[in-house]
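Peer 1: this one's structure only:
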């Protein structure tokens, strides 16, 4: 590998770490904002129902950040796009059936939607006690079908309609 190729590879690696750092800070800030708002599972569920309606009508996909636990125990923020299919509330449990198209992970970097298969996932929305925040109640969204993906934050104001063709 010549010097120019090596330099470009180093630069791309640096860009990937910069993006990872940005996502870590954004995810932490979003979780803090959610906790500070005092949003409970019932209110968050309404947001996911709205996403399901817009998904059905307009093919809307929503930007989501979440933490993924690695084999070595570290957890890193990941970015993706969520197509919410339906929200099921039964017996005190609320689950969201969705399709996740990953957009960025540290290992893969930026993911081209045309070259990556989406995953059908199930999220669970529940209330939790936030001990670090003086024993207040908050809401949490974790992946029900994969314990490694937790702390989902999905943004109602960050929507794309061009990804629906990849969500099938």
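Peer 2: Yep, it's here. Since this is a predicted model, take the numbers as computed values, not measurements.
Peer 1: buried set for the longest helix seen in the chain?
Peer 2: Counting residues, the longest helix found in the chain (DSSP state H) is helix 3-37. Buried residues in helix 3-37, counted by 16 or more other CB atoms under 10 Å: 16, 19-20, 23-24, 27, 30-31, 34-35. Backbone N, C-alpha and C define where each C-beta goes, glycine included.
Peer 1: mind listing what's buried in the helix or strand bottoming out on mean pLDDT in the chain?
Peer 2: Every helix and strand of the chain was ranked by mean pLDDT, DSSP states H and E. The lowest is strand 136-143, at a mean of 87. Neighbour-count burial for strand 136-143, counted by 16+ other CB under 10 Å, picks out 138-143.
Peer 1: ditto for stretch 82-100
Peer 2: 82-85, 87, 94-100.
Peer 1: and what of stretch 115-127?
Peer 2: 118, 121, 123-125.
Peer 1: right, and out of the residues you listed, which lies closest to residue 44?
Peer 2: Closest approach to residue 44 among these (CB to CB): residue 125, at 5.6 Å.
Peer 1: what's near enough to touch the closest one?
Peer 2: Counting by CB atoms under 8 Å, 6 or more residues apart in numbering, residue 125 touches 41, 44-45, 48, 94-96, 139-141.
Peer 1: please redo it, this time with the cut-off set to 6 Å
Peer 2: By CB atoms under 6 Å, 6 or more residues apart in numbering, the contact set of residue 125 is 41, 44-45, 94, 141.
Peer 1: can you list the residues you listed in a markdown table and add distance to residue 65 and secondary structure?
Peer 2: Shown next, in a markdown table, are the contacts of residue 125 (distance: CB to CB, whole Å; DSSP: H, G, I helix; E, B strand; the rest coil):
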| residue | distance to residue 65 | secondary structure |
| --- | --- | --- |
| 41 | 19 | helix |
| 44 | 15 | helix |
| 45 | 19 | helix |
| 94 | 20 | strand |
| 141 | 11 | strand |
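Peer 1: ok, the residues you listed vs residue 111, which is closest?
Peer 2: Ranked by distance to residue 111 (CB to CB), these are led by residue 141 at 21.4 Å.
Peer 1: now that closest one: how far from residue 87?
Peer 2: To residue 87, residue 141 is 12 Å away according to CB to CB, to the nearest Å.
Peer 1: low-confidence ranges in this protein?
Peer 2: Residues of the chain meeting the criterion pLDDT under 70: 1, 130-135.
Peer 1: Can you name the residues bridging to the closest residue to residue 45 other than its chain neighbours?
Peer 2: Residue nearest to residue 45 in three dimensions, not counting chain neighbours: residue 94, with 5.1 Å by CB to CB, 6 or more residues apart in numbering. Judged by DSSP bridges, the bridge partners of residue 94 are residue 89, residue 125.
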